[in-house]
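[1] Turn this into a structure:
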Amino acid sequence: MLRVEFDEERCKGCELCAAACPQRIIVMAPRLNTMGFHPATVTEQERCISCAFCARMCPDVVITVRKEEKKRG
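    Numbering: from 1, shown residues only. This next block holds a predicted model:
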């Protein structure tokens, strides 16, 4: 399950999310989006701790962070 998702087509590559990530797993992709920017992407989803620091820093609100639901039982 993806913990953090980027709307890569809306990302301007400002790198604020990468600077905010305590796990240092956000990088700028080598490819360009349709606006001509290198969008942010996650290198290792399994290392994401769902802290949402990246989403709070994003000025364009292109990041969605999901937390795994705890199973009741």
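
[2] what bits of this protein have low per-residue confidence?
    1-2, 69-73 (pLDDT under 70).

[3] Let me see the ranges of the helices in it.
    For the chain, applying DSSP state H gives helices covering 16-20, 53-57.

[4] can you give me the strands for this structure?
    Secondary structure of the chain (DSSP state E): strands located at 4-6, 26-28, 40-42, 63-65.

[5] would TSV of the helices of the chain with mean neighbour count and distance to residue 37 be doable?
    C-beta here means a position set from N, CA and C on the backbone, and glycine is covered the same way. Shown next, in TSV, are the helices of the chain (neighbours: other C-beta atoms under 10 Å; distance: least, C-beta to C-beta, whole Å):
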stretch	mean neighbour count	distance to residue 37
helix 16-20	18	13
helix 53-57	18	16
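
[6] any idea how far the closest residue to residue 11 other than its chain neighbours lies from residue 67?
    Nearest in space to residue 11, with sequence neighbours left out and distances taken as C-beta to C-beta, 6 or more residues apart in numbering, is residue 39 at 3.8 Å. For residue 39, the distance to residue 67 (C-beta to C-beta, to the nearest Å) stands at 23 Å.

[7] For residue 8, give me its contacts.
    Residues in contact with residue 8 (C-beta atoms under 8 Å, 6 or more residues apart in numbering) are 29, 33, 39-41, 62.

[8] 7 Å - rerun?
    Contacts of residue 8 were listed using C-beta atoms under 7 Å, 6 or more residues apart in numbering, and they are 33, 39.
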